[in-house]
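Enquirer: Below is the sequence, then the predicted model.
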Amino acid sequence: MNKTIDLFYDEAKALRQSIHQEPEIAFEEVKTNQKIRAFLDKHQIPYVSGIAKTGILATIEGKLPGKTILLRADMDALPMDENPNNPYASKIPGRMHACGHDGHTAGLCLAGAVLNQMKQELKGTVKLLFQPAEEAIGGAEPMIKAGVLEGVDMAFGAHLWGSSPGGRVYLKKGPMMASPDNFIIKVKGVGGHGSKPHVAVDPILIASQIVIALQTIVSRQISPLEPLVISVGKMHGGTAPNIIPEEVVLEGTIRTLNNVVRADVPIKMEKLVKGIAESYGGQAEFTYLPAYPVLVNDNEVTDIAYRAAGRFLNPEQLAFLDQPDMGGEDFAYIAQAVPSTFMYVGIMEDQPISHHHPDFHFEDKHLKVLSELMVQCVLEANR
């Protein structure tokens, strides 16, 4: 482990804990932005703030010629309550860092302090991207549109990962995370008395048939060799047990790892949904809400990251993933624009740590591995 990290670790740890106690959601990361800028100011790292509302792009110029490398961290929290018994728990009701973004932000600050300390012998340029809104609307795309990737040769991102043992790094070539698209289905029937269903058109029955039938797209209309998830996470309709309602609304998510499948599935879904509704005498509206693209890692950049991690980790602490994850990540926009790779840094101690859970918590020590990984990726890319 780079000894320079120890010089700034306590400062980064305090930053992480402070951010954790005052979590902010998508495009509202005002205090988080201020804390990052205070850290950058202290270390005399120049930056531009206010990109995509709350985003920051800091720049470290090495004294030697080389590539321009971008390192990215997301800043936003989630709209949920934290278990008050957690260490340095959130002080803001309904807001919680339950996915590790506070660690990503503090870890990138720590890596920036280390790289800035060694800029006299540093090759190339390092850009530190602090991005808002990964959890919701997606802050990567508007930052890209603002020009943060201009002149960038390659990019690296990482996620603290609760299901992986602490101190380990996991990589993957090609597709690593899914496109997390969503959908809304409005089923319209004819309301009536619950005792006389034959004179009504029951949208609850229709919606129930649709929920079941959607899984036939996964099992019978798409190749079993192509990963696909269709999940209905919300079903709302009705006001009383003896009233057949006029409408039921379903909401859910579609996860794919193949752009051809991604384009085809909504077409199949709409045809199926409308056909079922009409067969029962009702109607259905299908709305497809595309989100982030598939996150695809570049092979050569992933090799660089593997060599970089091997500079400070033992072989048993470093591995390639056997399969991708069906979660989504808007680093995918960056990976579409420039050669990039995204990595997992394990934070699990004895038991898996569930992301997006009120009890989510990880030890600060994992900031060191995350930061060292970022530092070594920069050095390896210009080796």
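Expert: Here it is on my side, so go on.
Enquirer: in the stretch 201-350 of the chain, which spans are helices?
Expert: Per DSSP state H, counting those that start in this stretch, the stretch 201-350 of the chain carries helices over the ranges 203-216, 259-279, 299-310, 331-337.
Enquirer: So for residue 288, which of those sits nearest?
Expert: Closest to residue 288 of the helices of the stretch 201-350 of the chain is helix 259-279 (CB to CB; 4.1 Å). C-beta: built from backbone N, CA, C; applies to glycine.
Enquirer: Tabulate the helices of the stretch 201-350 of the chain in CSV, adding columns for mean neighbour count.
Expert: Shown next, in CSV, are the helices of the stretch 201-350 of the chain (neighbours: other CB atoms under 10 Å):
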stretch, mean neighbour count
helix 203-216, 18
helix 259-279, 16
helix 299-310, 19
helix 331-337, 23
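Enquirer: closest to residue 120 out of those helices?
Expert: Among those, the nearest to residue 120 by CB to CB is helix 299-310 (20.8 Å).
Enquirer: Adding distance to residue 134 and mean pLDDT, write the helices of the stretch 201-350 of the chain out as TSV.
Expert: TSV is the format used below for the helices of the stretch 201-350 of the chain (distance: least, CB to CB, whole Å; pLDDT from 0 to 100):
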stretch	distance to residue 134	mean pLDDT
helix 203-216	27	98
helix 259-279	20	97
helix 299-310	20	98
helix 331-337	8	98
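Enquirer: closest one to residue 367 among the ones you listed?
Expert: helix 299-310 (15.7 Å).
Enquirer: so can I have TSV of the helices of the stretch 201-350 of the chain showing distance to residue 120?
Expert: Formatted as TSV, these follow (distance: least, CB to CB, whole Å):
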stretch	distance to residue 120
helix 203-216	59
helix 259-279	44
helix 299-310	21
helix 331-337	29
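Enquirer: Nearest to residue 4 among these would be which one?
Expert: Across those, closest to residue 4 is helix 299-310 (CB to CB), at 15.9 Å.
Enquirer: Which neighbouring elements make contact with the closest one?
Expert: Under the contact criterion of 3 or more CB pairs under 8 Å, 6 or more residues apart in numbering; DSSP states H and E, helix 299-310 touches strand 154-165, strand 169-171, strand 318-320, strand 340-348, helix 366-381.
Enquirer: can I get these in a markdown table with mean neighbour count and distance to residue 27?
Expert: Output for these, formatted as a markdown table (neighbours: other CB atoms under 10 Å; distance: least, CB to CB, whole Å):
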| stretch | mean neighbour count | distance to residue 27 |
| --- | --- | --- |
| strand 154-165 | 23 | 19 |
| strand 169-171 | 23 | 30 |
| strand 318-320 | 14 | 35 |
| strand 340-348 | 24 | 22 |
| helix 366-381 | 25 | 24 |
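Enquirer: Format these as CSV; extra columns: mean pLDDT and distance to residue 223.
Expert: Listed next are the helices and strands packed on helix 299-310 as CSV, based on pLDDT from 0 to 100; distance: least, CB to CB, whole Å:
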stretch, mean pLDDT, distance to residue 223
strand 154-165, 97, 27
strand 169-171, 98, 26
strand 318-320, 97, 24
strand 340-348, 98, 26
helix 366-381, 98, 35
